[in-house]
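> Provided below are the primary sequence and the corresponding predicted coordinates.
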Number of protein chains: 2
Amino acid sequence: MPKVLSAAEIADFRERLIDAAERLFAEKGLEAVSLRQLAGELEVSPMTPYRYFKDKDEMLAAVRTRGFDRFAQALEDAYVTPGSAPQRATAVADAYIRFAFEHPAAYGLMFDLCDNQTGYPDLVRASERAEKTMTAYIRLLIDEGLAGGDPILIAHAFWAAIHGLVMLKLSGKLGPKIDFDTVRGVLFQALIRGVRPA
Amino acid sequence: MPKVLSAAEIADFRERLIDAAERLFAEKGLEAVSLRQLAGELEVSPMTPYRYFKDKDEMLAAVRTRGFDRFAQALEDAYVTPGSAPQRATAVADAYIRFAFEHPAAYGLMFDLCDNQTGYPDLVRASERAEKTMTAYIRLLIDEGLAGGDPILIAHAFWAAIHGLVMLKLSGKLGPKIDFDTVRGVLFQALIRGVRPA
DNA sequence: GTTCTAATTTTTACGATGTAAATTTATACT
DNA sequence: AGTATAAATTTACATCGTAAAAATTAGAAC
């Protein structure tokens, strides 16, 4: 009987390929990454990746999944920061923005259009994991009496605001005249004021 | 001496090619559109477009430019709607969102990452035209005493919020459980309250 | 009206990509 | 050792962006 790849070997190869993909994405952008190049990075023949990923879409889904898990971890680490509710909420929002700017390629991959995340349950799990903390930190504010309303709705409102601001910055739409942190201050100030119970 | 293309002929060909590109983008997505296919749509040989566009990037810039001009027109039409300042501001925001959902491909092309808009002055002009109305409708609110602060900063805060919400919806991140208009209501309510002078 | 000339268009060509199919290689069991 | 067969590689094909060569064509000059 022939050699059979163990689950560990398969997982290991996939990890190494995703490593290379992350590296190439960060360096040269999404467009510049091909399965053939990734095979080259692993010093393996061009078609070998197809034994470990059904197609490019599945490989991209794996990269996105890892991105979401890293992102979720960053948010969770910020969430358990000791301090008051507003301090912890600020820490989570800061972590969100810091992640986006430290890993713009990963953030873009995770949140750009062209989704196709249906059919990749692990991607869905990772993405929901990240959303969980984004709702939890809003609940802190509500529990403290600093916000009133449906935590899920408010969380999505905050998410939209942060996401939009980050995307505008990442796509260069803010220009050089508009300071990110200043807009951010105005936006958050308004949202926090606007969400306070009457 | 040989035939020489008139400016009108060049403009006409470019228009027709951009028409086809818009149509194909809307139908089959960004990935599925190639200069060769567009040539096919115009019943012309595959390389002919290169006489009218330096390369694919320049063609994409032209499509984005038209998108921004249409978008700006939609905002301007809403802006001149008769009514109170809040009514007109609402009309502009509505027009923004309606455009994004009626032309998701165009919106994505305009606002997704992968910009390269440097070097395409007409694109910059069209994009600035759209931004102008987005600031103007905020000024209406300020003049009415409904908002206080720097109009440019506030406009960018509103822009980020709308853009983020639209992008979350377009990329399927809101899921089926979260109603767009409900989140939108919460977000706008909070922003408008939060931006009111003390 | 024929011929010439240069702009326009088409054809051809090259490297790269995603991926399917055929082929080769290597290993575990008899 | 020999063989079945999973894994890996090689080959192949359609498509892409685009450069270069070849063919076409429309007006100027005669």
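That came through, no problem.
> use CA for all of it now, contacts and neighbours both
Noted.
> Closest residue of chain A to chain B?
Of all residues in chain A, residue A:164 sits closest to chain B, at 3.4 Å by C-alpha to the nearest C-alpha.
> helices or strands next to the helix or strand where residue A:10 lies in the packing?
Under the criterion DSSP states H and E, the helix or strand holding residue A:10 is helix A:7-28. Counting by 3 or more C-alpha pairs under 8 Å, 6 or more residues apart in numbering or on different chains; DSSP states H and E, the packing neighbours recorded for helix A:7-28 are helix A:35-41, helix A:56-79, helix A:104-111.
> List the contacts of it.
A:32-33, A:38-39, A:41-42, A:52-53, A:59, A:62-63, A:103-106 (C-alpha atoms under 8 Å, 6 or more residues apart in numbering or on different chains).
> Filter those residues to keep only those in contact with DNA strand C.
A:32-33 (C-alpha under 7 Å from any atom of the strand).
> Greatest separation within the contacts of helix A:7-28: which pair is it?
A:52 and A:104 (26.5 Å; C-alpha to C-alpha).
> So for the two, which residue has more residues nearby?
Counted by other C-alpha atoms under 10 Å in any protein chain shown, residue A:52 and residue A:104 do not tie: residue A:104 has more neighbours, with 19 against 14.
> for that one, what are its contacts?
A:26, A:170.
> for DNA strand C, what are the nearby residues on chain A?
Residues of chain A lying close to DNA strand C (C-alpha under 7 Å from any atom of the strand) are A:1-4, A:32-37, A:46-47, A:55-57.
> try 6 Å
A:1-3, A:34-37, A:47, A:55-56 (C-alpha under 6 Å from any atom of the strand).
> With mean pLDDT as extra columns, can I get the helices and strands packed on helix A:7-28 in JSON lines?
Putting those into JSON lines (pLDDT from 0 to 100) gives the following:
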{"stretch": "helix A:35-41", "mean pLDDT": "98"}
{"stretch": "helix A:56-79", "mean pLDDT": "97"}
{"stretch": "helix A:104-111", "mean pLDDT": "95"}
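> quick one, which of those is nearest to DNA strand D?
helix A:35-41 (8.0 Å; C-alpha to the nearest atom of the strand).
> Now do that closest one: distance to the chain's middle.
Chain-centre distance of helix A:35-41: 24 Å, with C-alpha atoms, centre = their mean, to the nearest Å.
> Who are the packing partners of that helix?
Against helix A:35-41 (3+ C-alpha pairs under 8 Å, 6+ apart) you get helix A:7-28.
> Quick one: mean pLDDT for the helix it packs on?
Regarding helix A:7-28, the rounded mean pLDDT is 96.
> for it, which positions count as buried?
For helix A:7-28, burial by neighbour count (16 or more other C-alpha atoms under 10 Å in any protein chain shown) applies to A:14, A:17-22, A:24-25.
> now swap in stretch A:137-150 and tell me
Of the residues in stretch A:137-150, A:137-142, A:146-148 count as buried by neighbour count, 16+ other C-alpha under 10 Å.
> do stretch A:90-107 as well
Buried residues in stretch A:90-107 (16+ other C-alpha under 10 Å): A:90-93, A:95-97, A:99-100, A:103-107.
> So which residues on chain A come close to DNA strand D?
A:1-5, A:44-48, A:51.
> Please tabulate the residues you listed in JSON lines, including the columns neighbour count.
Listed next are those as JSON lines, based on neighbours: other C-alpha atoms under 10 Å in any protein chain shown:
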{"residue": "A:1", "neighbour count": "3"}
{"residue": "A:2", "neighbour count": "4"}
{"residue": "A:3", "neighbour count": "5"}
{"residue": "A:4", "neighbour count": "7"}
{"residue": "A:5", "neighbour count": "9"}
{"residue": "A:44", "neighbour count": "13"}
{"residue": "A:45", "neighbour count": "13"}
{"residue": "A:46", "neighbour count": "15"}
{"residue": "A:47", "neighbour count": "10"}
{"residue": "A:48", "neighbour count": "14"}
{"residue": "A:51", "neighbour count": "10"}
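> Nearest to residue B:185 among those residues?
Using C-alpha to C-alpha, these come closest to residue B:185 at residue A:51, 48.1 Å.
> Give the full set of residues in contact with residue A:65.
Residue A:65 neighbours (C-alpha under 8 Å, 6+ apart): A:122-124, A:126-127.
> Please repeat the previous calculation with a cut-off of 7 Å.
Neighbour list for residue A:65: A:122-123, A:126 [criterion: C-alpha atoms under 7 Å, 6 or more residues apart in numbering or on different chains].
> for residue A:83, same thing?
Residue A:83 touches nothing, counting by C-alpha under 7 Å, 6+ apart.
> Excluding sequence neighbours, find me the nearest residue to residue A:192.
Nearest residue to residue A:192, sequence neighbours excluded (C-alpha to C-alpha, 6 or more residues apart in numbering or on different chains): residue B:194, at 7.1 Å.
> so what secondary structure elements neighbour the helix or strand where the one you found lies?
Using DSSP H and E, the element containing residue B:194 is helix B:180-195. For helix B:180-195, the elements it packs on are helix A:151-170, helix A:180-195, judged by 3 or more C-alpha pairs under 7 Å, 6 or more residues apart in numbering or on different chains; DSSP states H and E.
> how about these in TSV, adding mean neighbour count and distance to residue B:111?
Below are the helices and strands packed on helix B:180-195 laid out as TSV (neighbours: other C-alpha atoms under 10 Å in any protein chain shown; distance: least, C-alpha to C-alpha, whole Å):
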stretch	mean neighbour count	distance to residue B:111
helix A:151-170	23	8
helix A:180-195	19	17
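> Any chance of those helices in TSV with mean pLDDT as columns?
Formatted as TSV, the helices and strands packed on helix B:180-195 follow (pLDDT from 0 to 100):
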stretch	mean pLDDT
helix A:151-170	97
helix A:180-195	97
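> I'd like those laid out as a markdown table, including distance to residue A:73.
Converted to a markdown table, the helices and strands packed on helix B:180-195 look like this (distance: least, C-alpha to C-alpha, whole Å):
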| stretch | distance to residue A:73 |
| --- | --- |
| helix A:151-170 | 17 |
| helix A:180-195 | 23 |
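> quick one: which of those is nearest residue B:112?
Smallest distance to residue B:112 across the helices and strands packed on helix B:180-195 (C-alpha to C-alpha): 8.0 Å, for helix A:151-170.
> Great, nothing more from me.
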